[in-house]
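Student: Task: produce atomic coordinates for the following.
(one chain, ligands or ions: 1)
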Amino acid sequence: MLYRLYRESLSLLTDLYQLTMAYGHWKTGSHTKEAVYHLSFRKNPFNGGYAVACGLSTMVDFINNFRFDESDREYLSTLKGHDDEPLFEEKFLQYLSNLRLDIDIQAVPDGTIVFAHEPLVRVSGPIIQCQILETALLTIFNFQTLIATKASRIRESAGDKSILEFGLRRAQGIDGGLTASLAAYVGGCDATSNVLAGKLFGIPVSGTHAHSWIMSFEDELEAFMAYAQAMPNNCVFLVDTYDTIDGVAHAIEVAKWLKKNGHQFLGIRLDSGDLAYLSIEARRMLDQAGFEDAAIVASNDLDEHIINSLNAQNAKVSVWGVGTKLVTSYDQPALGGVYKLSAVKDGGRSWNYKVKLSEQAIKISNPGIQQVRRFRDEDGYIADMIFNIEDNLHGESVIVDPLDMTRRKRISAGCKFNDLLVPVFANGRQVYNVPGLSQTKAFVAAQLEIFHPTYKRILNPHQYPVGLEIGLHEMKTDLILKERENLQGRKDLHSKQGRSHSLERKKEPSGFIKQDVTIKAGPSTKKQNPAALPSSLEKSALVIVDAQKGFGSSGELPVARAEEIVPILNELMDIFPLVVATQDWHPADHVSFAINHADKKIGDTLRVGNYDQPLFPMHCIENTKGSQFLDNLNVEKIHRIFKKGMDPDVDCFSGFLDCEGAKATELESYLKDNGVEHIFVAGLATNYCVKQTALDGVKLGFDVTLIEDACRGIDRVGFRIKTAIQDMKNGGVAFAASKDLNYSTVNRGAKKKASK
Ligand code: ZN
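Tutor: This is a model prediction of the structure:
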């Protein structure tokens with residue numbers, strides 16, 4: 001179809017930067033690296049509850065005809081860089097000329113009901129090919145999906161009445177007009193005035209006459225009569241050229257003539273005035289004259305809202321004519337679709353998952369190789385789950401709201417579902433039969449039937465539950481944290497090289513010295529993991545992290561089964577010559593409490609200084625129950641307690657350094673003054689404060705062993721414990737179980753060893 005229209009290669013229908021990036025990949029040899037991209041949008045259009053995906057049929061056409069032809073090559077060879085030399089070298093242009101797509105594409109069929117965050121298209125294959133397609137796919141899907149959705153909303157308000165689309169004259173140019181007619185038909189219109197769209201796409205075409213027809217005759221009656229004689233079987237008279245009620249009367253007169261001559265009078269059209277009043281009046285007149293079957297077509301800047309309002313006023317309209325507001329998507333001119341990289345293979349066999357960071361949670365992309373699973377029960381669709389196809393899913397499904405990780409939905413194991421993305425191209429070859437448009441249109445209607453009406457409401461619809469499968473959610477959270485750590489690492493490096501002073505803080509300058517240590521022992525110069533267990537604990541200390549009620553299993557920031565570590569810690573304390581503990585100790589106005597930030601909620605993150613602060617419920621507030629140690633912990637055996645997190649403006653996970661990397665406590669000097677070389681870390685929570693304390697311990701030069709069974713992690717924020725353990729292993733932390741620590745008892749109580 002595209003080729004019939006344009007008779008040209010459309011491979012240059014792209015942004016220049018796609019080609020400069022492609023050149024970069026080719027030049028550096030990274031162009032064959034395998035990658036996965038997804039096309040999705042972040043917000044349902046029109047403040048509505050859903051969208052109707054559309055674009056696949058055009059995409060199939062586009063991909064099938066994708067070639068850089070001779071004229072493309074010639075044009076690209078004329079482009080110059082700032083040095084006035086050719087922008088692309090000849091060999092690269094030759095490469096493009098020879099390029100044949102061998103990508104895989106999965107997509108949702110046209111007409112699929114979709115929601116924000118769900119992938120509509122997944123493209124995988126050599127990164128250069130995936131990249132080159134970005135702009136065109138967005139051009140295709142953004143507009144068609146927008147218009148199909150608008151049409152579907154109009155369909156929802158029109159009920160079982162017909163809808164004619166006649167927006168061509170107001171459409172956004174030639175392709176805008178054609179594409180709008182296509183998508184409007186898919187979304188719910190029954191016919192178009194656009195004849196070329198009729199020819200190209202097989203959409204029914206419709207139309208009678210305009211005001212100018214009437215005006216070209218002496219009077220209205222004569223004009224109707226002339227038209228009836230010319231086209232006796234296609235008579236819908238436009239009655240509002242002069243006086244609408246008179247016009248209806250004239251139409252009825254000609255209708256009687258048609259009837260007498262064996263033709264069916266189809267109806268009238270109202271294009272101005274009070275459509276509610278006029279349609280009721282016209283209906284009454286037509287019925288009285290015996291034309292109960294004659295249609296009343298209404299038009300005049302209609303959209304779903306006006307149609308709803310006219311319906312509420314009992315307007316007697318049998319056919320709605322919509323134009324400008326539909327084809328231009330008047331109230332929302334663009335769908336914010338995006339195309340994001342979510343995985344690459346760097347040489348190896350396994351995928352490296354990717355997220356794009358952003359200050360706004362909604363703009364953080366989803367990683368993985370995604371599929372959407374739509375669950376339903378006997379009452380209809382209940383939820384959609386975006387999952388990574390590489391994950392083994394079994395049993396109950398847990399779906400996490402991507403914008404509010406505290407909102408979750410559980411779907412039982414036996415629940416019926418279907419997966420939305422289907423194979424469209426495999427190795428560059430089409431493997432999908434594109435259904436006809438009327439089939440696609442019927443598909444839209446059939447799905448909408450299965451969604452509860454509250455999701456389809458024009459105004460203030462309910463939010464249909466869509467979320468990430470919990471494994472994918474955790475992977476994403478993980479990647480975000482890692483990315484941010486990397487970001488921090490890069491910033492630290494800059495700071496060390498004296499290029500940035502942005503890390504300077506009001507705190508004591510010693511923080512910067514510690515940061516230098518961080519850099520020396522940083523990720524690139526990974527320290528060898530120490531032997532987990534030294535021959536004696538003489539130079540060792542037990543560091544108990546945040547074993548507090550606030551993190552108890554029913555605490556403010558609950559850690560499941562937290563109390564189970566108490567007897568283990570009590571036994572461990574007996575064998576260490578030195579035992580220290582950290583205590584999360586916050587002022588009520590602490591930065592980490594979501595409640596202290598007007599527009600934020602638990603689970604959001606907030607940029608604070610140079611790090612991203614996860615926002616928690618209030619917890620461990622100084623001198624409250626939550627800040628106390630867990631019941632039955634032998635507190636008298638702790639030689640020294642280090643409070644942390646007292647600064648309201650910066651959080652502190654680690655017992656050593658705060659989240660900005662500055663020195664937070666005297667723990668390091670205390671341990672070193674006591675000759676400690678090896679620390680054993682235990683406590684709460686494995687994936688936050690325990691992890692950070694252990695990693696900082698390594699950075700500060702200690703041998704660090706984590707006593708795994710004496711720790712518990714937080715599940716609530718979705719940060720996988722096993723990933724935290726991997727991070728610690730990568731960061732130089734050794735692991736042991738409490739039962740392996742067969743050392744003799746030395747700690748008879750804190751008083752003996754208390755130093756300072
Ligand atoms: Zn805290």
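Student: contacts and neighbour counts: CA atoms only from here.
Tutor: Fine.
Student: Contacts only, for Asn687.
Tutor: With contacts taken as C-alpha atoms under 8 Å, 6 or more residues apart in numbering, Asn687 has the following neighbours: 713-714, 719-721, 724-725.
Student: Just the closest of these to His462, please.
Tutor: For His462, the closest of these turns out to be Phe719, at 29.0 Å, with distances computed as C-alpha to C-alpha.
Student: Just give the closest residue to Leu310, not the sequence neighbours.
Tutor: Of all residues not flanking Leu310 in the chain, Ala276 sits nearest, at 5.8 Å (C-alpha to C-alpha, 6 or more residues apart in numbering).
Student: Surely the one you found touches Lys316?
Tutor: Yes: because the distance of 7.2 Å satisfies C-alpha atoms under 8 Å, Ala276 is recorded as touching Lys316.
Student: Show me which of those two is the more surrounded one.
Tutor: With other C-alpha atoms under 10 Å as the criterion, Ala276 and Lys316 differ in neighbour count, and Lys316 comes out ahead with 22 against 18.
Student: residue contacts, that one?
Tutor: Neighbouring residues of Lys316 by C-alpha under 8 Å, 6+ apart: 276, 279-280, 283, 296.
Student: next one: Thr723
Tutor: For Thr723, the contacting residues are Asp478, taking C-alpha under 8 Å, 6+ apart as the criterion.
Student: on that earlier part again, make JSON lines from the contacts of Lys316 and add pLDDT to it.
Tutor: What follows is the contacts of Lys316, written out as JSON lines (pLDDT from 0 to 100):
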{"residue": "Ala276", "pLDDT": "96"}
{"residue": "Ser279", "pLDDT": "97"}
{"residue": "Ile280", "pLDDT": "97"}
{"residue": "Arg283", "pLDDT": "98"}
{"residue": "Ile296", "pLDDT": "97"}
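Student: ok, of those, which one's closest to Val681?
Tutor: The nearest one, if we look at the contacts of Lys316 relative to Val681 and count by C-alpha to C-alpha, is Ala276, at 75.8 Å.
Student: how far out from the middle of the chain is the helix or strand where the closest one lies?
Tutor: Secondary structure here is read from DSSP states H and E; on that basis Ala276 sits in helix 275-288. In terms of C-alpha atoms, centre = their mean, to the nearest Å, the centre of helix 275-288 is set 48 Å apart from its chain centre.
Student: Packing partners of that helix?
Tutor: helix 244-260, strand 295-298 (3 or more C-alpha pairs under 8 Å, 6 or more residues apart in numbering; DSSP states H and E).
Student: Name the residues of the longest one that are buried.
Tutor: Of the residues in helix 244-260, those scored as buried under the neighbour-count criterion (16 or more other C-alpha atoms under 10 Å) are 244-245, 247-252, 254-258.
Student: Need the residue closest to the centroid of this structure.
Tutor: His117 (3.2 Å; C-alpha atoms, centre = their mean).
Student: just to revisit the earlier point, could you export the contacts of Asn687 as JSON lines, including neighbour count, distance to Asn300 and pLDDT?
Tutor: Converted to JSON lines, the contacts of Asn687 look like this (neighbours: other C-alpha atoms under 10 Å; distance: C-alpha to C-alpha, whole Å; pLDDT from 0 to 100):
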{"residue": "Gly713", "neighbour count": "25", "distance to Asn300": "62", "pLDDT": "90"}
{"residue": "Ile714", "neighbour count": "22", "distance to Asn300": "58", "pLDDT": "82"}
{"residue": "Phe719", "neighbour count": "22", "distance to Asn300": "54", "pLDDT": "60"}
{"residue": "Arg720", "neighbour count": "21", "distance to Asn300": "57", "pLDDT": "75"}
{"residue": "Ile721", "neighbour count": "20", "distance to Asn300": "60", "pLDDT": "80"}
{"residue": "Ala724", "neighbour count": "19", "distance to Asn300": "61", "pLDDT": "84"}
{"residue": "Ile725", "neighbour count": "19", "distance to Asn300": "65", "pLDDT": "85"}
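Student: And these, which is closest to Ile364?
Tutor: Proximity of the contacts of Asn687 to Ile364 was ranked by C-alpha to C-alpha; the top entry is Phe719 with 16.1 Å.
Student: distance of the residue lying farthest from the centre of the chain from Leu137?
Tutor: Residue farthest from the centre of the chain, counting by C-alpha atoms, centre = their mean, is Lys260 at 62.2 Å. According to C-alpha to C-alpha, to the nearest Å, Lys260 stands 55 Å off from Leu137.
Student: hang on, the earlier thing: ok, the residue nearest to the centre of the chain touching His38?
Tutor: No: with contact defined as C-alpha under 8 Å, His117 and His38 do not form a contacting pair (10.0 Å).
Student: tell me how far stretch 42-55 is from the chain's mean position?
Tutor: Taking C-alpha atoms, centre = their mean, one finds the center of stretch 42-55 at 13 Å from the center of the full chain.
Student: Pull up the distance across that stretch, start to finish.
Tutor: Using C-alpha to C-alpha, the end-to-end distance of stretch 42-55 comes out at 17 Å.
Student: Over to stretch 343-356?
Tutor: Start and end residues of stretch 343-356 are separated by 11 Å (C-alpha to C-alpha).
Student: I'd like to know which helix or strand in the chain has the lowest mean pLDDT.
Tutor: Comparing every helix and strand of the chain by mean pLDDT, DSSP states H and E singles out helix 510-520 as the least confident one, with a mean of 27.
Student: right, and the helix or strand after that helix?
Tutor: Past helix 510-520, heading to the C-terminal end, the next element that is a helix or strand (DSSP H and E) is strand 540-545.
Student: Strand partners (parallel or antiparallel) of that next one?
Tutor: In the sheet containing strand 540-545, its partner strands are strand 579-584 (parallel), strand 678-684 (parallel), by DSSP bridges.
Student: outside of the last one, which residues touch it?
Tutor: Translated: strand 678-684. Among residues not part of strand 678-684, those counted as contacts by C-alpha under 8 Å, 6+ apart are 539-548, 551, 559, 562, 565, 569, 690, 693-694, 697, 702-708, 710-713.
Student: could you give the mean pLDDT of it?
Tutor: Summarised as a single mean, pLDDT over strand 678-684 is 95.
Student: Specify the next element, helix or strand, located C-terminal of it.
Tutor: Next along the chain after strand 678-684, with elements defined by DSSP H and E, is helix 691-699.
Student: Strand 678-684 and that next one, what's the angle between them?
Tutor: Here helix 691-699 runs at an angle of 170 degrees relative to strand 678-684 (axes from the mean of the first three to the mean of the last three C-alpha atoms, to 10 degrees).
Student: all helices of the stretch 51-200 of the chain, in order?
Tutor: All helices of the stretch 51-200 of the chain, identified by DSSP state H, counting those that start in this stretch, fall at 56-64, 70-78, 90-98, 127-158, 173-187, 195-201.
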